[in-house]
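S.K.: make a model of this:
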Amino acid sequence: MSRWEELTGGKSGEDYAARFAALAASGKDVHGEARFCAALVPAGARVLDAGCGTGRVMIRLSELGYVCVGVDRDASMLAVARRQAPESTWIQADLTRFDSAAEGIAADFDLVVAAGNIFPLLTTGTEAAVVNRLARALRPDGLLVSGFGLDAANLPVPPSITLAEYDAYCAAAGLTFVQRFATWDADPYSGGGYAVSVHRRAPDEG
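M.R.: As a prediction, this is how the structure comes out:
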């Protein structure tokens with residue numbers, strides 16, 4: 001069982017969507033992740049939203065002209081996503097075993113985004129496997145973007161992964177560090193409790 005399932009019981013889709021709907025209604029910007037991704041790759045690029053949840057990030061990217069696929073393990077979250085964007089591609093799968101080719105989807109994404117504290121909420125010990133799976137989904141020179149909390153103030157669960165560990169998992173999966181930020185608004189990172197990291201798959205030498 002993942003830490004997310006321990007936290008929510010796998011039944012929080014409607015509550016999660018309602019919380020962000022309320023934030024949007026109050027005037028709060030809820031599209032920082034999508035805006036960040038859009039600054040990295042042009043419209044028309046293929047984006048995999050890993051741990052897509054209710055689809056907030058992916059639906060916005062689709063509106064901006066990106067070709068998106070969302071994958072999540074939580075059926076309650078995907079039910080909301082499918083209701084909100086039935087024309088989009090939503091896959092229920094465990095990220096530790098996700099294989100885009102097995103799902104009939106080309107493994108040539110320009111960008112894979114893992115927002116929403118995906119890595120700290122995985123089953124402890126599976127982080128490296130998930131990084132490897134996501135790296136495999138990228139085209140040569142494609143980007144992996146992840147944002148997650150590093151301390152109790154920025155997480156709903158105790159911290160479970162450090163940036164050094166995450167970078168090591170990325171390196172082992174053939175990804176090179178590009179840049180790190182403190183927020184999805186691209187504020188410079190200086191050692192705080194939340195980080196947005198960008199890594200790149202090596203270009204095809206052939």
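
S.K.: can we go C-alpha only for contacts and neighbour counts from here?
M.R.: OK.

S.K.: which residues of this protein score low on pLDDT?
M.R.: The chain contains residues with pLDDT under 70 at 1, 4, 7, 10-24, 27-30, 205-206.

S.K.: ok, residues contacting the longest strand anywhere in it?
M.R.: The single longest strand within the chain, with elements called by DSSP state E, is strand 138-149. If you take C-alpha atoms under 8 Å, 6 or more residues apart in numbering as the criterion, strand 138-149 is touched by 37, 107-120, 134-135, 155, 159, 184, 193-204.

S.K.: ok, 7 Å please
M.R.: 107-119, 155, 193-204 (C-alpha atoms under 7 Å, 6 or more residues apart in numbering).

S.K.: partners of it, with directions?
M.R.: Paired strands of strand 138-149, with direction, are strand 109-114 (parallel), strand 194-201 (antiparallel) (DSSP bridges).

S.K.: could I have the last one exported to PDB, CA atoms only?
M.R.: Once non-C-alpha atoms are left out, strand 194-201 reads as follows in PDB (Å, rounded to 0.1, in the frame of the first residue of the first chain):
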ATOM      1  CA  TYR A 194       9.800  22.400  -1.300                       C
ATOM      2  CA  ALA A 195      11.600  21.800  -4.600                       C
ATOM      3  CA  VAL A 196      10.700  21.600  -8.300                       C
ATOM      4  CA  SER A 197      13.400  19.600 -10.100                       C
ATOM      5  CA  VAL A 198      14.100  19.300 -13.800                       C
ATOM      6  CA  HIS A 199      16.100  16.400 -15.300                       C
ATOM      7  CA  ARG A 200      16.800  15.600 -18.900                       C
ATOM      8  CA  ARG A 201      17.100  12.200 -20.600                       C
END
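
S.K.: and the helices in the protein?
M.R.: 3-8, 13-25, 32-38, 56-63, 75-84, 127-136, 163-172 (DSSP state H).

S.K.: could I get these as CSV with mean neighbour count and distance to residue 45?
M.R.: Shown next, in CSV, are those (neighbours: other C-alpha atoms under 10 Å; distance: least, C-alpha to C-alpha, whole Å):
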stretch, mean neighbour count, distance to residue 45
helix 3-8, 15, 29
helix 13-25, 14, 26
helix 32-38, 18, 9
helix 56-63, 20, 10
helix 75-84, 18, 21
helix 127-136, 22, 16
helix 163-172, 16, 22
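
S.K.: so which of the ones you listed gets nearest residue 189?
M.R.: helix 163-172 (11.8 Å; C-alpha to C-alpha).
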